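Asker: After the sequence you'll find the predicted model.
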Amino acid sequence: MSRLQRNPEIVWRVEKRRQQAVIERLGAGEEIDNEGTVILLISGMMHQLNLLGGMIWSLCDGTRGVDQIVAELLKEFDVDTKTLKIDVDEFVADLLERGWLSYD
């Protein structure tokens, strides 16, 4: 099984208050758009990941492949597996292309 690993040169942090606020708004049925909950610092530039992207990023710790990440996220989101897998695959493909993630 190939496991996903974050680029160790990228500095990042979870914005816990913002993340909690987004989760509460989701629970209330509000739209959250692409509000950032994880901050990445790459070559002096700041990038934000939305809630799902931030959760995927956090799970890419070198211990899980895409299927395990999808399984973890299914515990958090009320969505069908196929839709979530497509979203995770697209996100991971984008970050692999950017060099922010790699497979071990």
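Answerer: That came in fine, so what should we check first? These figures come from a predicted structure and were not determined experimentally. Numbering: from 1, shown residues only.
Asker: How much space separates residue 95 from residue 21?
Answerer: Residue 95 sits 24 Å away from residue 21, going by CB to CB, to the nearest Å. C-beta coordinates here come from the backbone N, C-alpha and C atoms, glycine included.
Asker: of these two, who's got more company?
Answerer: Using other CB atoms under 10 Å as the criterion, residue 95 and residue 21 rank with residue 95 on top: 22 against 14.
Asker: any idea of the pLDDT on the more buried one?
Answerer: At residue 95, the model reports a pLDDT of 98.
Asker: packing partners for the helix ranked longest in the chain?
Answerer: In the chain, assigned by DSSP state H, the helix with the most residues is helix 81-98. In terms of contacts (3 or more CB pairs under 8 Å, 6 or more residues apart in numbering; DSSP states H and E), helix 81-98 is packed against helix 51-59, helix 66-74, strand 101-103.
Asker: what does the second one contact?
Answerer: Right, the one you point to is helix 66-74. Residues outside helix 66-74 that contact it (CB atoms under 8 Å, 6 or more residues apart in numbering): 4, 52, 55-56, 59-60, 64, 81, 84-85, 88-89, 92.
Asker: Give me the buried stretch members for it, please.
Answerer: By neighbour count on 16 or more other CB atoms under 10 Å, the buried set for helix 66-74 is 66, 69, 70, 73.
Asker: Check which helices and strands the helix or strand bottoming out on mean pLDDT in the chain sits against.
Answerer: Taking mean pLDDT, DSSP states H and E as the measure, the helix or strand of the chain with the lowest value is helix 16-27, at a mean of 92. Counting contacts by 3+ CB pairs under 8 Å, 6+ apart, helix 16-27 packs against helix 51-59.
Asker: Adjacent strands (with direction) for the helix or strand containing residue 12?
Answerer: Taking DSSP states H and E as the definition, residue 12 sits inside strand 11-14. In the sheet, strand 11-14 lines up against strand 38-42 (antiparallel) (DSSP bridges).
Asker: Would you mind checking the average pLDDT for the partner strand?
Answerer: Per-residue scores along strand 38-42 average to 97.
Asker: quick check, distance from that strand to the centre of its chain.
Answerer: In terms of CA atoms, centre = their mean, to the nearest Å, the centre of strand 38-42 is set 12 Å apart from its chain centre.
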